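Novice: here's my sequence, what's the structure:
(4 chains)
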Protein chains: 2
Amino acid sequence: MAAVNATTPKATLASVAEIAGVSIPTVSKVLNGRDDVAASTRDRVLEVMRSLNYRSPTTRRRTELVMIDVVVENVTTAYYSEVMDGILECTAENGAEVVLSAMSLQASSAAQRAQRMLDAGRRGLLLVTSKWGRSDLVTFQERGLPVVLVDPINPPGADVVSVGATNWAGGKTATEHLLDLGHRRIAHLGGPPLAECSQDRQHGYVAALLGRGIEVRPEYVISRDFTRSFGIEGLSQLLELPEPPTAIFAANDTIAIGVWEEARRRGLQLPADLSIVGFDGTSFAEATMPQLTTVEQPLREIGRSAARALLRQIDGQEPDSTRVELATRLLVRESTAPPR
Amino acid sequence: MAAVNATTPKATLASVAEIAGVSIPTVSKVLNGRDDVAASTRDRVLEVMRSLNYRSPTTRRRTELVMIDVVVENVTTAYYSEVMDGILECTAENGAEVVLSAMSLQASSAAQRAQRMLDAGRRGLLLVTSKWGRSDLVTFQERGLPVVLVDPINPPGADVVSVGATNWAGGKTATEHLLDLGHRRIAHLGGPPLAECSQDRQHGYVAALLGRGIEVRPEYVISRDFTRSFGIEGLSQLLELPEPPTAIFAANDTIAIGVWEEARRRGLQLPADLSIVGFDGTSFAEATMPQLTTVEQPLREIGRSAARALLRQIDGQEPDSTRVELATRLLVRESTAPPR
DNA sequence: CTGAAAGCGCTTACAG
DNA sequence: CTGAAAGCGCTTACAG
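Specialist: The predicted structure follows:
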């Protein structure tokens, strides 16, 4: 894999021109994005270029080594570094290389980035928790750059491959664990409301409660973002309720740590006064003491799987599935106990 | 910066040939490494190529965008992600791109990697905590690829730029903080014994004790690695001493968390029974509760500074200094108190 | 070991 | 909007 079929005779402008039934200069213009070419001619030429897998001499050498762009929202969280670890493992095994950038530092539009990627000989794009919508993603795919998403914020639709954890099942398992301990007043502090993974975890929480015939109290469900400060403020808000919860399912470990910090500041005993379940299961969750009960995502395997799906597409294979979900696992540790 | 002087008229084989007083085919042969060229002719041609800054059309386009290779030992720690964040900030600001790889996944020798980097149009190498020695590094520099190191394991010598924190001063400050609280039995759990940063932190610890006229007890100083398990085992070993320490300076936060975990398991109260100071000050240290007193390294700024030094060298400027040390800062939080 | 000559792949200015 | 013609930068086979 990752090495494009080397036996095909290499396509030249001349061969493309002949098959497309146009002159060499016309093909050259299409290649260079000039606008003095009829749209129908351009389409025909591009079609032939793709079918012959045409690569300019400039890019041909470069593409012996497959390079992909990986764009993350933020580098400095355990979530990203574990996904990244899986990506690097898979690409290293397949002789591909990773150009890493942070979305927050990029000013350019999708179209500009796509053009730069083509100029630089990049072969595909892997976005980790990107906010880009379908129209942005199509920009890349139209130019022959396959795209794979890890935990997209905007669900991309059927023609873009995305990889993530079984968020719904994970949310359900976390909540059922609290139910099994005897909790009935269980709150949920969710991640960014628009993110698919947040919604799925919340739906899992709702499904677990309904499955046991327990009413979902709207005041027990607050969604904002994956930050510690939200954990702190979310708990404060919950504790002001006439009937505060005895347990909280936090949508990630960072929120859970904020909750815990605030609980301790208020003199609550953990887990006796308040049970907490997190989500992610990164090393972060082991630094707390007592250690956090959490839903572990196989982040490294998610990274590997996303990279594998991208390299397959670069190799011209159809993706097995446009959505891959890898199983989560409940890690019962020390932050959960029966209610008083 | 990072954009090579664009006003020079671009050198061609023809211009090189004319100035070198040979034919175009001869220059072409030199360029392609053929061996049917007299050594003296080759030298002359190479000399002219260098002076005109000749770049083949294949590489010319590539080098409009500067690409550097960043190699880390391990992606999944907060240390690396914060350094990486600084590197990405600086490269993004200067229009450069980062090809990321993990040392553990690379099988190739320094010479092989250097050749691949040249083929791929890379312009420099940034190594984060690498074990490579001087001879490896020179391999890159000889081929025109500048190298910058962050926290090298093997001190590289005067002709390679390295960036790190003021480890000695940080170790001294950490230890003095414990001394100021009244501790006299202060132990040190150190990182990898060969790493320069470990040694410097340990020397800072020793300097602080000697500065107050306190004897350094050899049984109080254990060095192994930057892991939680070393924290756990290191504390166990220290507690078996006839006179166990009342405070520990751990060479990083991960060790400190292991120490703390083991202390808690043994029923010690923190910080009353044992004070702990860590090192790094990543978000990891905030997840503990009570929060860890630690020596903060400006990791993001270290990353920025390393990237800046590399881009400068790529631009042909001499480095300001072959060693850059950025100041640490003691963050007094909750894990330190006067001894009982 | 060197270079004149042929040629390849691409681009550009311009006539229609 | 298209392409014949000129040309650019480089490579290769081969004569000396």
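
Novice: how far away is the residue in the stretch 101-250 of chain A positioned nearest to DNA strand C from chain B?
Specialist: Nearest to DNA strand C, among the residues of the stretch 101-250 of chain A, is A:Asp119, at 11.5 Å (CB to the nearest atom of the strand). (C-beta placed from N, C-alpha, C; glycine too.) A:Asp119 sits 7 Å away from chain B, going by CB to the nearest CB, to the nearest Å.

Novice: and the pLDDT at that residue?
Specialist: Note on A:Asp119: pLDDT of 76.

Novice: give me the neighbour count for it.
Specialist: 14 (other CB atoms under 10 Å in any protein chain shown).

Novice: so A:Leu126, which of the three states?
Specialist: The three-state label given to A:Leu126 by DSSP: H, G, I helix; E, B strand; the rest coil is strand.

Novice: I'd say it and A:Val150 touch.
Specialist: Yes: A:Leu126 lies in contact with A:Val150 (CB atoms under 8 Å); the separation is 7.2 Å.

Novice: identify the contacts common to these two.
Specialist: With contacts taken as CB atoms under 8 Å, 6 or more residues apart in numbering or on different chains, A:Leu126 and A:Val150 have A:Ala306 as neighbours in common.

Novice: what's the nearest residue to A:Val72 if we skip its chain neighbours?
Specialist: Closest residue to A:Val72 apart from its sequence neighbours, by CB to CB, 6 or more residues apart in numbering or on different chains: A:Val128 at 4.5 Å.

Novice: contact partners for the one you found?
Specialist: By CB under 8 Å, 6+ apart, the neighbours of A:Val128 are A:Val70, A:Val71, A:Val72, A:Glu73, A:Tyr80, A:Val83, A:Met84, A:Leu149, A:Val150, A:Asp151, A:Ala306.

Novice: and the most centrally placed residue in chain A, what does it touch?
Specialist: Most central in chain A under CA atoms, centre = their mean is A:Val150, positioned 2.0 Å from the mean C-alpha point. Applying CB under 8 Å, 6+ apart to A:Val150 gives the contacts A:Val83, A:Leu126, A:Leu127, A:Val128, A:Thr129, A:Ser162, A:Val163, A:Gly164, A:Ile302, A:Gly303, A:Ala306.

Novice: which phi and psi values does it adopt?
Specialist: phi -110, psi 130 (degrees, to the nearest 10).

Novice: and the gap between it and A:Arg224?
Specialist: 22 Å (CB to CB, to the nearest Å).

Novice: ok, so what distance separates the residue nearest to A:Val72 from B:Val160?
Specialist: From A:Val128 over to B:Val160 the distance is 33 Å, taken as CB to CB.

Novice: circling back to that earlier point, got a pLDDT number for the closest residue to the residue nearest to the centre of chain A other than its chain neighbours?
Specialist: With CB to CB, 6+ apart as the criterion, A:Val150 has its nearest non-adjacent residue at 4.5 Å, and that residue is A:Val128. A:Val128 carries a pLDDT value of 97.

Novice: same check, this time on A:Ile248
Specialist: 98.

Novice: quick one, domains of chain A?
Specialist: For chain A, automatic domain parsing gives the domain ranges A:13-54, A:65-165+A:299-326, A:167-298.

Novice: could you dump those domains into a markdown table with distance to B:Ile186 added?
Specialist: Shown next, in a markdown table, are those (distance: least, CB to CB, whole Å):
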| stretch | distance to B:Ile186 |
| --- | --- |
| domain A:13-54 | 66 |
| domain A:65-165+A:299-326 | 31 |
| domain A:167-298 | 23 |
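
Novice: tell me which of these lies nearest to B:Pro242.
Specialist: domain A:167-298 (28.2 Å; CB to CB).

Novice: and the helices in the stretch 101-250 of chain A?
Specialist: Taking DSSP state H, counting those that start in this stretch as the test, the helices found in the stretch 101-250 of chain A are A:110-119, A:134-142, A:167-180, A:196-211, A:228-239.

Novice: deepest of those helices, which one?
Specialist: helix A:167-180 (a mean of 22; mean count of other CB atoms under 10 Å in any protein chain shown).

Novice: and the residue lying closest to A:Ala120 once chain neighbours are set aside, how many neighbours?
Specialist: Leaving aside its chain neighbours, A:Ala120 sits nearest to B:Leu65 (5.9 Å; criterion: CB to CB, 6+ apart). Neighbourhood size, B:Leu65 [other CB under 10 Å]: 17.

Novice: and for A:Asn32?
Specialist: Applying other CB under 10 Å, we find 9 residues neighbouring A:Asn32.

Novice: for it, what are its contacts?
Specialist: Contacts of A:Asn32 by CB under 8 Å, 6+ apart: none found.

Novice: same question, A:Ala14
Specialist: Counted by CB under 8 Å, 6+ apart, A:Ala14 has contacts A:Ile24.
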